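J.: no sequence for this one, just the structure:
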């Protein structure tokens, strides 16, 4: 009986723990969602789905803890759309001490209902990083606040900067914050510390911890969906929303270097499968890797010109292996491959640039394969052409059968009818001198047996 009770206890314990965890999530009234690192597709997916889960769990407040150097414009705007559409109050909180809300993080903070910062943090440098136009150069906001932004001179540059100014000003006006400084942060790349941001009316609160923040916002009145909401946060519990496997997987495959490797593994896997059809593994691995890479490229700012150059380079190097041109096609392929790899990521954000050592490593690997293929082709060309039974001349055989006036020797796994000017015995070693139809003319090796 005691054994049965213990077994029942072991079976029920995981269910009890799961129920307790679910109850904790369900009763948590403040959902804490981290926005950490460069903002990209994985960050946007984590935040948007986290806010949807918070709404489904009837949370009373969403707390976005921000520490980012900036990121992609498309991912930032998707997150802001979700913030503006939610019916739950959202607090943006730059924390912990030493964190920053630079570039895209500044827009994100302006979009939240309440903006807060920890002491020792900063925000700003919100000038957009130009995508696809070398003339605009690199702006601060992607983790390099010390650079001086260039003056916008061309029509395209003015459009990009003016669009960013209008966007952040609309957020400032919606939340009743300092729109003049917001414009300065975009046009001049200005930054502020937490203390100065509070004085300038850029943020609403400065708090040392999340618990302190909840105490300070207690009693705040907010306008959400044309209704006035009074926050009651002094006794709310906090649930830290974790990054799930999907967001982690998305973060891995949307890393530009990982996506680049997956693309090349896919292409080379398919090429190997075409060289040796029937093996299966290179083809399956290549197809899966290539499809995952294409999905990652769909959400990354890639240059189709760069992608085209990479494919052209691989095509030229492959053509060199099939139709040798004394290295002209191969050399052109390597050059096109390297230039295309450098151009592949169509942004100046450091977090979304391909590592140069990786580009050079794959270029060297491709060149090595090309050299190996050319050496094999040259070796085949230098070899004398043989066909039929001509290659048997000079080969050695062993006499195995003698009977009825016929002698047979084994050569290349087969018994051949042989003739010789001298007497042959079993186990004699002979050398093929000539071939007459299907009869080998042989001579006995010196030494006999």
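T.: Received, thanks. Computed from a prediction, not measured in an experiment: that's the story for all the values here. Numbering: from 1, shown residues only.

J.: Straight-line length of stretch 109-124, end to end?
T.: Distance between the two ends of stretch 109-124: 10 Å, counting by Cα to Cα, to the nearest Å.

J.: next one: stretch 100-108
T.: Start-to-end, stretch 100-108 (Cα to Cα) is 12 Å.

J.: before we move on, what about stretch 405-415?
T.: End-to-end distance of stretch 405-415 (Cα to Cα): 16 Å.

J.: Now do it, average pLDDT.
T.: Average pLDDT, stretch 405-415: 82.

J.: list the buried ones in it?
T.: In terms of neighbour count (16 or more other Cβ atoms under 10 Å), stretch 405-415 has its buried residues at 407-409, 411. Any C-beta I mention is one placed from the backbone N, CA and C, and that applies to glycine too.

J.: Show me what stretch 237-254 is in contact with.
T.: Stretch 237-254 is contacted by residues 24-25, 27-34, 40-43, 45-46, 49-50, 53-54, 59, 63, 210-211, 214, 258-259, 262, 292-293, 295-296, 299-300 when judged by Cβ atoms under 8 Å, 6 or more residues apart in numbering.

J.: Which of those residues fall within strands?
T.: Judged by DSSP state E, strands contain the following of the contacts of stretch 237-254: 30-34, 63.

J.: show me what contacts residue 434?
T.: By Cβ under 8 Å, 6+ apart, the neighbours of residue 434 are 393, 440-441.

J.: separation between it and residue 421?
T.: From residue 434 across to residue 421, the span is 12 Å (Cβ to Cβ, to the nearest Å).

J.: Poorly predicted segments of this protein, please.
T.: Residues of the chain meeting the criterion pLDDT under 70: 1-28, 129-153, 277-279, 321-327, 373-391, 447-449.

J.: Looking at the contacts of stretch 237-254, which are in helices?
T.: Among the contacts of stretch 237-254, the members found in helices (DSSP state H) are 24-25, 27, 41-43, 45-46, 49-50, 53-54, 210-211, 214, 258-259, 262, 292-293, 295-296, 299.

J.: Please pick the buried ones from those.
T.: 41-43, 45-46, 49-50, 53-54, 210, 214, 259, 262, 292-293, 296, 299.

J.: Could you pull out the strands in the stretch 251-400 of the chain for me?
T.: 396-403 (DSSP state E, counting those that start in this stretch).

J.: Show me the helices in it, by range?
T.: Here the stretch 251-400 of the chain has its helices, by DSSP state H, counting those that start in this stretch, at 256-275, 281-299, 304-322, 328-343, 356-382.

J.: Name the residues of stretch 335-354 that are buried.
T.: Of the residues in stretch 335-354, 336-341, 343-349, 351-352, 354 count as buried by neighbour count, 16+ other Cβ under 10 Å.
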